[in-house]
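Novice: sequence and predicted structure below; questions after.
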Amino acid sequence: MKKDIEKIDALIKEALNQEEAKFYDELGEQNLFEKLGGVFKGKLGWLAILMNVVSLALLGLLVYCGIQFFDAEAATNELIQWGAGFFICLIAIGMIKLFVWMQMDKNDVLRELKRLELQISALSH
């Protein structure tokens, strides 16, 4: 299967001019760090930066709630409040990380769509 994909890629590169072939090579598979860097570029890059800052603040609050939970007296209400704060911070951090992973997946889908458009364009000529 992989050899068939490589053959198709070679045929497409032959049909493209030099500029289009360079663009096609840039659409190749990315590693995890390149995908993560791609989240910070584009129209929603500022939002990803803001989400990371909020995530760090929530991490600090999570640690504070955890420490206060273990330092609390035997009062059940106080333990419940610090424990609830801990779990709310934990859930919020998880949701922020989920947002980043969804942005990475969206960028992968867009890259594949661009590859398909380029392949269709090359094969139609």
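Specialist: Ah, there it is. Numbering: from 1, shown residues only.

Novice: helices and strands around whichever helix in the chain runs longest, which ones?
Specialist: Longest helix of the chain, by residue count under DSSP state H: helix 76-124. Identification of packing neighbours for helix 76-124 by 3 or more Cβ pairs under 8 Å, 6 or more residues apart in numbering; DSSP states H and E yields helix 2-15, helix 18-26, helix 32-39, helix 45-71. Any C-beta I mention is one placed from the backbone N, CA and C, and that applies to glycine too.

Novice: angle of it against helix 32-39?
Specialist: Helix 76-124 runs at 90 degrees relative to helix 32-39, counting by axes from the mean of the first three to the mean of the last three Cα atoms, to 10 degrees.

Novice: residue 36: what's its closest spatial neighbour, skipping adjacent residues?
Specialist: Nearest non-adjacent residue to residue 36, counting by Cβ to Cβ, 6 or more residues apart in numbering: residue 104, 6.7 Å away.
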